[in-house]
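Participant: let's see this in three dimensions:
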Amino acid sequence: MSEAVVAIFRANGRMLEWGDAFTAPFGLTSARWQILGSIALSGQKVTAPQIAEQMGLSRQGVQKQLNLLVDDGLIEKLDNPAHRRSPHYHLTPQGEALFQQVNTAWESHAKVTGQHFSKSELETTLRVLSELANRHTQPSQGENDEA
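Facilitator: Predicted structure coming up:
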């Protein structure tokens, strides 16, 4: 199991580094691409805590990227009647256009890269990574490792 976790950490680091280079021509970083993607794929207005939960990131880290994306005019902050201190965010037309450009480039890359793996391998990888993520959510007090 330890070897698998180290491989996940290594893959994550390399994917983030690769993502920074991939998104640089679009004026983005991996972190900002993640946040844009989370908002775009949600299909609705979302809050920083919702994005953080979905992406497995800290709320503070997400908020930093949201502020930068607002400053660049790629997303818009909207009042949240249910919670004044947690605004909603959605893509601006400029943000939607940029996300579509990056996503089109990503889909081309993913198609080529995906040819190196069988459908079964990709499905198994997704299932295992999802289960690992589910088993490693923030533990509640008193939780043990027997689960």
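
Participant: list the residues that contact the residue nearest in space to the middle of the chain.
Facilitator: Centroid-nearest residue in the chain, with CA atoms, centre = their mean: residue 34, separated by 3.7 Å. Shown in contact with residue 34 (CB atoms under 8 Å, 6 or more residues apart in numbering): 55, 57, 65. Placement of C-beta: from N, CA and C, glycine included.

Participant: name the helix or strand for it, please.
Facilitator: helix 30-42 (DSSP states H and E).

Participant: put the alpha carbons of that helix into PDB.
Facilitator: Presented in PDB, the C-alpha positions along helix 30-42 are these (Å, rounded to 0.1, in the frame of the first residue of the first chain):
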ATOM      1  CA  SER A  30      -2.800  24.100 -12.500                       C
ATOM      2  CA  ALA A  31      -4.500  25.500  -9.400                       C
ATOM      3  CA  ARG A  32      -6.500  28.000 -11.300                       C
ATOM      4  CA  TRP A  33      -7.400  25.400 -14.000                       C
ATOM      5  CA  GLN A  34      -8.700  23.100 -11.200                       C
ATOM      6  CA  ILE A  35     -10.900  25.900  -9.800                       C
ATOM      7  CA  LEU A  36     -12.200  27.000 -13.200                       C
ATOM      8  CA  GLY A  37     -13.000  23.300 -14.000                       C
ATOM      9  CA  SER A  38     -14.800  22.700 -10.800                       C
ATOM     10  CA  ILE A  39     -17.000  25.700 -11.300                       C
ATOM     11  CA  ALA A  40     -17.600  25.000 -15.000                       C
ATOM     12  CA  LEU A  41     -18.400  21.300 -14.500                       C
ATOM     13  CA  SER A  42     -20.700  22.000 -11.500                       C
END
